[in-house]
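Participant: give me coordinates for this.
(one chain, ligands or ions: 1)
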Amino acid sequence: MKKDQLLTRRRVLLAGAGAAGAAATAGVFAAVTGGGPTGTVPAAGPQVRRPLNSSAYRLQPLTGYGPPHAAPRRTLVRRAPLLRFSGRGRHMVLTFDDGPDPRYTPAVLDTLAKYDVRAMFFVCGGMVADNRELLARMAEEGHVVGNHTWSHPLLTRLTRRGIRSEMERTCDVIEDAYGERPEWFRAPYGAWNRTAFRLGAELGMESLAWTVDTLDWTTPGTRSIVRRVENGAAPGVVVLSHDAGGDRSQSVRALRRYLPELLDAGYHVSVPRRHYE
Ligand SMILES: [Zn+2]
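Facilitator: Modelled structure (predicted):
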């Protein structure tokens, strides 16, 4: 029974890319904020037709203003990554970085499936290459996969050519394993530079950092991770955790505790959607 539902959801996701169909899926935000050149940039929610802010906004016509199909997709070149989402309702976004790792990612996916919520996975191309089936599962279960480079380098130390290679190869392997090219990019260590912003935009990816860092990579204990999520919980918050890069059993256990708590507290845990020109 589950499988049919998942397949249906997948179809809706695919159909919804760039069209109003995405409104049928969960996790719709009114807008994205944080450091962008226009201050407020719509991220998702095709049902939101009304610009929330400013005339500058109108210089960037997005879905609902122009033809949703045919036009090439364009992504703003930012000077700082998005840190959170703003919009209606108590939405939160969970993100898991550095995977996929067959030791931890399946457990994360199991917990997300148990509560029927979608999350974002910022994957490394080198990890994907060995674990393609986990990306297929993410696609099947409606999760969003973002690009976290191929080998997790500090981009600010690479040449433009090096950065491009890290990003492009990862876009390619994601497309191959997940079925779509990534629409989101997160720099390792949160370290962007101008080249990374420019190349990311060129490759059609929006830059997303995070609001709440669980610091799970320091293995501070499951309770500490849970507490950081609870204390940071608020509408629009993006939570950073890891499903790879070391022993992530605390991260896995913490998710099993804080996810039902967030849902009980009335939060919708979901994924953002991009607008297209
Ligand atoms: Zn990372």
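Participant: next, the contact list for the residue of the stretch 101-250 of the chain found nearest the ion, please.
Facilitator: Taking C-beta to the ion, the ion has its nearest neighbour within the stretch 101-250 of the chain at residue 188, 4.8 Å off. C-beta: built from backbone N, CA, C; applies to glycine. Applying C-beta atoms under 8 Å, 6 or more residues apart in numbering, we find residue 188 in contact with 148, 149, 152, 153, 154, 155.
Participant: go again using 6 Å as the cut-off
Facilitator: 149, 152 (C-beta atoms under 6 Å, 6 or more residues apart in numbering).
Participant: ditto for residue 240
Facilitator: 95, 210, 213.
Participant: could you find the closest non-adjacent residue to the last one?
Facilitator: Right, residue 213. residue 240 (4.9 Å; C-beta to C-beta, 6 or more residues apart in numbering).
Participant: which SS class is that neighbour?
Facilitator: Secondary structure, DSSP: H, G, I helix; E, B strand; the rest coil: residue 240 is strand.
Participant: helices along the stretch 101-250 of the chain, start to end?
Facilitator: Assigned by DSSP state H, counting those that start in this stretch, the stretch 101-250 of the chain shows helices spanning 105-114, 125-130, 132-140, 160-178, 194-202, 222-232, 249-264.
Participant: residue 88: which of the ones you listed is closest?
Facilitator: Nearest to residue 88, of all the helices of the stretch 101-250 of the chain, is helix 249-264, at 17.3 Å by C-beta to C-beta.
Participant: and that closest one with the ion, contact?
Facilitator: No - for helix 249-264, no contact with the ion is found by C-beta under 5 Å from the ion; the gap never falls below 12.6 Å.
Participant: any idea which helix or strand comes after that helix?
Facilitator: strand 268-269 (DSSP states H and E).
Participant: neighbouring contacts of that following strand?
Facilitator: Contacts of strand 268-269 (C-beta under 6 Å, 6+ apart): 91, 92, 94, 117, 262.
Participant: selecting buried members of these in ChimeraX, what would you type?
Facilitator: Only the buried entries of the contacts of strand 268-269 go into this ChimeraX selection, using 16 or more other C-beta atoms under 10 Å:
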select :91,92,94,117,262
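Participant: show me which of the contacts of strand 268-269 is closest to residue 182.
Facilitator: Nearest member of those to residue 182, counting by C-beta to C-beta, is residue 94, at 17.1 Å.
Participant: in three-state terms, label that closest one for me.
Facilitator: Per three-state DSSP, residue 94 ends up strand.
Participant: that one and residue 274, how far apart?
Facilitator: Between residue 94 and residue 274 the computed distance is 18 Å (C-beta to C-beta, to the nearest Å).
Participant: same check on residue 253?
Facilitator: 32 Å.
Participant: between these two, who's got more neighbours?
Facilitator: Comparing residue 253 with residue 274 by other C-beta atoms under 10 Å, the one with more neighbours is residue 274, at 21 against 16.
Participant: please tell me how far that one sits from the ion.
Facilitator: 21 Å (C-beta to the ion, to the nearest Å).
Participant: same thing with residue 76?
Facilitator: 23 Å.
Participant: need the contacts of strand 268-269 in CSV with distance to residue 106 and pLDDT, can you?
Facilitator: Putting those into CSV (distance: C-beta to C-beta, whole Å; pLDDT from 0 to 100) gives the following:
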residue, distance to residue 106, pLDDT
91, 26, 95
92, 23, 97
94, 16, 98
117, 16, 98
262, 21, 98
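Participant: which of the contacts of strand 268-269 sits closest to residue 169?
Facilitator: residue 94 (26.1 Å).
Participant: which strand residues bridge the closest one?
Facilitator: Per DSSP bridges, the residues bridged to residue 94 are residue 239.
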